[in-house]
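> sequence and predicted structure below; questions after.
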Amino acid sequence: MRVLVVEDEEFLAEMIAAGLRRDAVAADVAHDGRTALAKLRLGAYDVLILDRDLPGLHGDEVCRHVVRQGLLTRVLMLTASGTVRDRVDGLGLGADDYLTKPFAYEELLARVLALGRRARPALPPVIERAGVSVDTARRQAVRDGRPLALSRKEFAVLEVLLRAQGAVVSGDDLIEEVWEEHTSYRTNAVRVTLSKLRAKLGEPPVIETVPGAGYRLGGARPDGDRPGPDDRHGAADRPGASR
């Protein structure tokens with residue numbers, strides 16, 4: 001899941017984003033409406049956490065843009081005003097949910113996850129491929145009927161690979177979806193997480209490394225061969241692998 005946090009109070013914005021990242025939700029930050037629109041044009045987001053009272057381009061205008069463009073992005077509007085009139089106005093603009101400041105992070109997270117599930121109408125709550133499935137609503141993963149005890153990052157990586165339905169996912173894309181946007185791909189984060197995930201998935205291997213490109217999740221290879229060294233520790237894990 002990808003979330004864009006638009007909040008002019010920089011400390012609050014970074015606090016929200018850091019919390020989401022700890023909970024395996026990819027989060028980008030913008031501090032004004034125009035930057036938010038630029039990020040929305042460049043990438044797809046599942047949820048937009050939008051401060052209504054932005055300086056310059058007002059949050060109302062950003063919300064109207066999402067609605068006019070027909071984006072699937074769900075909008076959670078934040079405001080310091082808790083009046084009924086203000087909430088009604090915000091929802092009338094097209095916001096999907098409304099949260100009044102100050103708020104508990106746990107409530108914000110619950111609302112974001114709920115909106116994120118609604119933002120993907122084309123995909124079922126349970127995504128399955130090659131005997132591996134994830135239930136995105138219950139945050140459960142299973143392989144061939146065997147429950148998997150996954151960390152948040154491992155679950156998020158597995159979900160991204162399953163959503164790709166056999167397509168190659170680059171290391172850069174995994175970093176963007178699962179880790180902080182500024183995390184260097186030269187770190188060991190992807191390699192270490194994939195190594196642990198592969199161990200928990202067990203045999204036969206279902207996550208394949210595509211040298212120089214990334215990773216994909218599929219069934220066992222037609223020739224029955226086990227992955228070689230490059231598949232287990234992959235060329236895609238090395239610095240300089242392309243998208």
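Alright, I've got the coordinates.

> in this structure, what helix or strand scores lowest on average pLDDT?
Using mean pLDDT, DSSP states H and E, the weakest-scoring helix or strand in the chain turns out to be helix 229-233, at a mean of 42.

> isn't Ala130 right next to Arg216, touching?
No - using C-beta atoms under 8 Å, Ala130 is not in contact with Arg216; the gap is 10.3 Å. All C-beta atoms are positioned from the backbone trio N, CA, C, and that covers glycine.

> and the helix or strand encompassing Arg191, how far out from the chain's middle?
Using DSSP states H and E, the secondary-structure element containing Arg191 is helix 189-201. Relative to its chain's centre, helix 189-201 lies at 18 Å (C-alpha atoms, centre = their mean, to the nearest Å).

> what is the mean pLDDT for the following helix or strand past that helix?
Per DSSP H and E, the first helix or strand lying C-terminal to helix 189-201 is strand 207-210. Computed over strand 207-210, the mean pLDDT rounds to 93.

> how about stretch 42-49?
For stretch 42-49, the per-residue pLDDT averages 86.

> straight-line length of that stretch, end to end?
Stretch 42-49 has its terminal residues 17 Å apart, counting by C-alpha to C-alpha, to the nearest Å.

> mind giving me the domain ranges of the protein?
By the assignment in automatic domain parsing, the chain contains the domains 2-118, 126-237.

> how about these in JSON lines, adding mean neighbour count?
Below are the domains of the chain laid out as JSON lines (neighbours: other C-beta atoms under 10 Å):
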{"stretch": "domain 2-118", "mean neighbour count": "18"}
{"stretch": "domain 126-237", "mean neighbour count": "17"}
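
> Leu40 touches Leu71, doesn't it?
Yes - counting by C-beta under 8 Å, Leu40 touches Leu71, with 7.0 Å between them.

> which ones are touching Trp197?
Quick fix: residue 197 is Leu, not Trp. By C-beta atoms under 8 Å, 6 or more residues apart in numbering, the contact list for Leu197 reads Leu150, Glu154, Val157, Leu158, Ile207.

> do Val67 as well
Leu93, Gly94.

> cool, Asp96 as well?
By C-beta under 8 Å, 6+ apart, the contact set of Asp96 is Arg74, Val75, Leu76, Leu115, Arg118.

> confidence score at it?
According to the prediction, Asp96 has pLDDT 90.

> check Val67 too.
Predicted confidence (pLDDT) for Val67: 84.

> what about it, which helix or strand?
Using DSSP H and E, Val67 falls in helix 59-68.

> from the middle of its chain, how far away would that helix be?
The chain centre lies 22 Å from the centre of helix 59-68; the measure is C-alpha atoms, centre = their mean.

> could you do stretch 136-155 as well?
Mean C-alpha position of stretch 136-155 versus that of the full chain (C-alpha atoms, centre = their mean) differs by 16 Å.

> pLDDT averaged over it, what's the number?
Averaged over stretch 136-155, pLDDT sits at 90.

> what does it contact?
In contact with stretch 136-155 (C-beta under 8 Å, 6+ apart) are residues 22-24, 117, 125-127, 131-135, 158-159, 178-179, 189, 193, 196-197, 200-202, 206.

> if we use 6 Å, what do you get?
With contact meaning C-beta atoms under 6 Å, 6 or more residues apart in numbering, stretch 136-155 is reached by Ala24, Pro125, Gly131, Val132, Ser133, Val134, Leu158, Thr193, Leu197, Lys200, Leu201.

> nearest to Leu108, out of those residues: which one, please.
Ala24 (15.3 Å; C-beta to C-beta).
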